[in-house]
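> just a sequence and a predicted model for now, questions to come.
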Amino acid sequence: MAVETPHVDFFALSIAILSALILFFPSYYYLKRREWLARAGYPQAHGFLPIIGAPIEFGIDALSFVQKKKKELGDVFLVDLLAIRFHFCLGPKYVGTFYKQPTNELDFLAGAEDVMPEFIGPHRANGAMYEVHPLILKAFSQKDRLDKAYDLVVEECDKAFARWEKMDHFDIYDECSTLVIAATLRFIIGDETNEKYGFELAEIIAQMEKDVVHPLTMSLRGRLPFGPYHNMINARNKISDRISSVCEERLKSDRLRDLSILQFVIDEVGHKYPLETFSYFAVGIMMAARTNTAGVMAWTLAHFASDEKLQQQVVDEMAQNSCLDDTTFSTHEKKYPIEKLNFLDSCMKETVRMYSNFLQFRRVMLKDGYEVAPGKVVPYGELLCISPAEIHHDPQYFEDPWVYKPERWLEPDYFASRNRDTIFTMWGFLRHRCYGEKFANLFDKVMWVRLLSKYEISLADNEKKTAPPRPDWKPFGTSFPREGDHFYVKISKRK
């Protein structure tokens, strides 16, 4: 008698196995994380759902999430985004230690190496970060390059103002971004290269910034075979191809030699690294310029446009320091009165405080068993983070943190005390300050003074908002409002 072979439904079996795996791996991960956290003594910030709740909430509004968890858990806690973990330590006591810790314990460059592949691709730094980083700082500090930067900033500002004057209204954020990218590209890659690739690179950089702040980009780090992360990969590959071809041409010939940052780095390190490595740094600088320089420029102008009295205070100070005359900008000898504009400088500081895009600064822990606080250990290789944006909006240190009050910085010792206690972060601290701090200060102040010496800026007739919109922080992103939350202004000749 024949024995009937049991029928196996392979489709149903596959579904069952897949379902088991889907349930097993998150559960295993969750249990292992609980075991690890128990050893580390580090409280973990949870969201509205187990495991995935924190990444979702952090992706929607990172600053609010950090502020909420600080109230619940105190100054020290872990945010686990599945693909990356942030060990936050908040408050002046921890921030000061963070900045002053020796590199062999908390490594700034390793932290940069960790995040930069999200912009320009994995394994493209090839150790160059440790050699090229100080070279870029040197290049940005040289007087001949800053003089060149001054000239091109004035040129680009005048072109932008002429365009704005012909427009009934314009979005201040988009236009400041366009202006900053135009000048920054010229400064980094040189005029001739900019004429060839500038427009294309500017569009790519703008799109990359939108992709990088998408919640899926950082939370999942490419675990989906589509979406903004992969759009960014394609964009950065285009940039790498363009910059590599320019570097190759510059290495072969002196025809393109100029005072650009790119030329300086090529002269210093030559053939030592693959050509695509240079794009790594070029993209980082351009994106920082767009987020930091353009952000501060736009938010400040938005307040000038919506507050006539504030704008007049700046103009009056300019008049008192002979900054309303066009000759202020005709020679390098006459450009320095802008450094005497204390109220304008206070507006810059208040914009940085209120709209800082520094949601988190990170360092890689290189010391095993480092105890941040009693009983709270950060293991070797993990990311230790502070949040300038969080402390800038803490009423304990800044009264009325959501009110734009430049005059607070005019009080004696106000800036000095907060700078000394590392409560206020302008462009970073100590040896790891921003590459382009001097360039950004020059650019923003020259732009504001040059604009207000010739024009009045006001709200557009079709702008219904009476004050700048609340910024939209995304994890790792900028304080630019995202599309759909524009702020329209107009300019007219000053009477």
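Yep, that arrived. Being a predicted model, the structure only gives us computed values, none of them experimental.

> show me what counts as buried in stretch 162-170.
By 16 or more other Cβ atoms under 10 Å, the buried positions in stretch 162-170 come out as 164, 169-170. (Each C-beta comes from the backbone N, C-alpha and C, glycine too.)

> can you list these in CSV and add pLDDT and secondary structure?
As requested, those are exported to CSV (pLDDT from 0 to 100; DSSP: H, G, I helix; E, B strand; the rest coil):
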residue, pLDDT, secondary structure
164, 97, helix
169, 93, coil
170, 94, strand
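
> closest to residue 250 out of those?
Among the buried residues of stretch 162-170, residue 164 lies closest to residue 250 (Cβ to Cβ), at 34.6 Å.

> from residue 449, how far out is that closest one?
16 Å (Cβ to Cβ, to the nearest Å).

> helices of the stretch 1-150 of the chain, residue ranges please.
Counting by DSSP state H, counting those that start in this stretch, the stretch 1-150 of the chain has these helices, from start to end: 10-40, 53-60, 62-73, 92-100, 108-115, 117-120, 129-141, 143-165.

> weakest of those by average pLDDT?
When the helices of the stretch 1-150 of the chain are ranked by mean pLDDT, helix 117-120 comes last with a mean of 52.

> which residue ranges of the stretch 301-450 of the chain form helices?
Using DSSP H, counting those that start in this stretch, helices in the stretch 301-450 of the chain cover 308-320, 342-355, 388-392, 414-420, 437-454.

> any chance of JSON lines for these, columns mean neighbour count?
JSON lines is the format used below for the helices of the stretch 301-450 of the chain (neighbours: other Cβ atoms under 10 Å):
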{"stretch": "helix 308-320", "mean neighbour count": "16"}
{"stretch": "helix 342-355", "mean neighbour count": "22"}
{"stretch": "helix 388-392", "mean neighbour count": "23"}
{"stretch": "helix 414-420", "mean neighbour count": "15"}
{"stretch": "helix 437-454", "mean neighbour count": "21"}
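
> ok, which of those comes nearest residue 94?
Nearest of these (Cβ to Cβ): helix 388-392, 10.0 Å.

> give me the residues contacting the closest one.
63, 66-67, 70, 90-92, 95, 353-354, 356-359, 361, 397-398, 401, 423-425, 473 (Cβ atoms under 8 Å, 6 or more residues apart in numbering).

> hmm, try it at 7 Å
63, 66-67, 70, 90, 95, 353, 356, 358-359, 361, 397-398, 401, 423, 425, 473 (Cβ atoms under 7 Å, 6 or more residues apart in numbering).

> isn't there a helix covering residue 466?
No: read with DSSP: H, G, I helix; E, B strand; the rest coil, residue 466 is coil and lies in no helix.

> got the phi and psi for it?
phi -100, psi 0 (degrees, to the nearest 10).

> quick one on the thing from earlier: what's the closest of the helices of the stretch 301-450 of the chain to residue 106?
Across the helices of the stretch 301-450 of the chain, closest to residue 106 is helix 388-392 (Cβ to Cβ), at 16.1 Å.

> what mean pLDDT would you report for that closest one?
Averaging pLDDT along helix 388-392 yields 89.

> just to revisit the earlier point, and the buried residues of stretch 162-170 as a markdown table, adding distance to residue 151?
A markdown table is the format used below for the buried residues of stretch 162-170 (distance: Cβ to Cβ, whole Å):
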| residue | distance to residue 151 |
| --- | --- |
| 164 | 21 |
| 169 | 30 |
| 170 | 25 |
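
> least confident secondary structure element in this structure?
Every helix and strand of the chain was ranked by mean pLDDT, DSSP states H and E. The lowest is helix 117-120, at a mean of 52.

> burial measure for residue 424, as a count.
Neighbourhood size, residue 424 [other Cβ atoms under 10 Å]: 23.

> which residue packs closest to it, ignoring adjacent ones?
residue 418 (4.0 Å; Cβ to Cβ, 6 or more residues apart in numbering).

> next one: residue 394
Here the residue nearest residue 394, using Cβ to Cβ, 6+ apart, is residue 401, at 6.7 Å.

> list the contacts of that neighbour.
392-395.

> by neighbours, which of these wins?
Busiest of those [other Cβ under 10 Å] is residue 392, holding 21 neighbours.

> restrict the helix or strand encompassing residue 283 to CA atoms and write it as CSV.
Under the criterion of DSSP states H and E, residue 283 resides in helix 276-288. Extracted as CSV, the C-alpha positions of helix 276-288 are listed here (Å, rounded to 0.1, in the frame of the first residue of the first chain):
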residue,chain,number,x,y,z
GLU,A,276,37.6,62.1,-4.8
THR,A,277,38.9,62.8,-1.3
PHE,A,278,38.9,66.5,-2.1
SER,A,279,35.2,66.5,-2.8
TYR,A,280,34.7,65.2,0.7
PHE,A,281,35.9,68.5,2.2
ALA,A,282,34.5,70.7,-0.5
VAL,A,283,30.9,69.4,0.1
GLY,A,284,31.3,69.7,3.9
ILE,A,285,32.4,73.3,3.6
MET,A,286,29.7,74.2,1.1
MET,A,287,26.9,72.7,3.2
ALA,A,288,28.2,74.3,6.4
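
> what's the angle between it and helix 437-454?
Calculated by axes from the mean of the first three to the mean of the last three Cα atoms, to 10 degrees, helix 276-288 forms an angle of 40 degrees with helix 437-454.

> now helix 276-288: average pLDDT?
Mean predicted confidence for helix 276-288 is 71.

> could you list every helix and strand in contact with that helix?
Secondary-structure packing of helix 276-288 (3 or more Cβ pairs under 7 Å, 6 or more residues apart in numbering; DSSP states H and E): helix 117-120, helix 172-189, helix 191-212, helix 228-252, helix 261-269.

> tell me which of the ones you listed lies nearest to residue 343.
It's helix 172-189; of those, that one is closest to residue 343 (Cβ to Cβ) at 20.5 Å.

> got a list of contacts for that closest one?
Residues contacting helix 172-189 (Cβ under 7 Å, 6+ apart): 149, 152-153, 156-157, 160, 164, 194, 198, 201-202, 205-206, 246, 260-262, 282, 285-286, 289-290, 293-294, 297-298, 301-302, 305, 439, 443, 480-481, 486-487, 489.

> where does the chain dip in pLDDT?
1-41, 108-133, 209-210, 212-229, 270-277, 280, 324-337, 428-435, 473-485 (pLDDT under 70).

> apply 50 and report the result again.
1-3, 5, 8, 122-125, 327-334, 475-479, 481, 483 (pLDDT under 50).

> just to revisit the earlier point, next, format the helices of the stretch 301-450 of the chain as CSV and append distance to residue 178.
Below are the helices of the stretch 301-450 of the chain laid out as CSV (distance: least, Cβ to Cβ, whole Å):
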stretch, distance to residue 178
helix 308-320, 22
helix 342-355, 19
helix 388-392, 25
helix 414-420, 31
helix 437-454, 13
